[in-house]
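K.L.:
this is the structure alone, sequence omitted:
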């Protein structure tokens, strides 16, 4: 990648990181209310804002997004990291795949060699499962999100209903 391309993509990536962080912080605000504890929902960020998929009232989403932005602008940067983020799933899958590949390397189709290494594989996958959530949270904090909003502003919160699916779009500018 050329230096010019990297410079051009940096603002794009920074906007995605900020919106991803604001998405997580908004989810923290929403789930802080008892009536939302058991609700199922998901989110997805891009460089223009983020989507929340779930049954919420628009006023509640809007209030949560503004509160999240205000709290992060006032130093609560940790709100950008969330334990249920897809980044954690990707990191867990990657680590499990890498451990499996390295453990079984060189065994080919020899089922005896595979069976001899199987207990080691189970042990290493168990350890990977224990440590991957912390690694996923670290990857969120250092790579996929940021709690530093850098002038990010909420422009609009809109709602669309598709039968049983409610989607809120939170548009932002930087």
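P.N.:
Right, received. Where do you want to start? Remember, it's a predicted structure, so these values are computed and weren't measured experimentally.

K.L.:
surely residue 45 and residue 20 touch.
P.N.:
Yes. Contact criterion Cβ atoms under 8 Å: residue 45 and residue 20 qualify, at 3.9 Å. C-beta: built from backbone N, CA, C; applies to glycine.

K.L.:
how many residues are close by the residue nearest to residue 68 when sequence neighbours are not counted?
P.N.:
Sequence neighbours aside, residue 25 is the residue nearest to residue 68 in space, at 3.4 Å (criterion: Cβ to Cβ, 6 or more residues apart in numbering). Number of residues near residue 25 (other Cβ atoms under 10 Å) recorded here: 28.

K.L.:
one more: residue 162?
P.N.:
8.

K.L.:
that one: what's it in contact with?
P.N.:
For residue 162, no contacting residues are found, by Cβ atoms under 8 Å, 6 or more residues apart in numbering.

K.L.:
tell me how far it lies from residue 111.
P.N.:
According to Cβ to Cβ, to the nearest Å, residue 162 and residue 111 sit 49 Å apart.

K.L.:
pick out the residue nearest the middle of the chain.
P.N.:
residue 85 (3.5 Å; Cα atoms, centre = their mean).

K.L.:
need phi/psi at that residue.
P.N.:
Phi and psi for residue 85, reported as degrees, to the nearest 10, are phi -70, psi 150.

K.L.:
which residues of the protein score low on pLDDT?
P.N.:
Residues of the chain meeting the criterion pLDDT under 70: 1-10.

K.L.:
which stretches of it form helices?
P.N.:
3-31, 58-73, 86-104, 111-139 (DSSP state H).

K.L.:
my read is that residue 51 contacts residue 166, right?
P.N.:
No. Contact criterion Cβ under 8 Å: residue 51 and residue 166 do not qualify, at 10.7 Å.

K.L.:
quick one: the residue lying closest to residue 100 once chain neighbours are set aside from residue 129, how far?
P.N.:
Distances taken as Cβ to Cβ, 6+ apart put residue 121 closest to residue 100, at 6.4 Å, once the chain neighbours are dropped. Distance, residue 121 to residue 129, by Cβ to Cβ: 12 Å.
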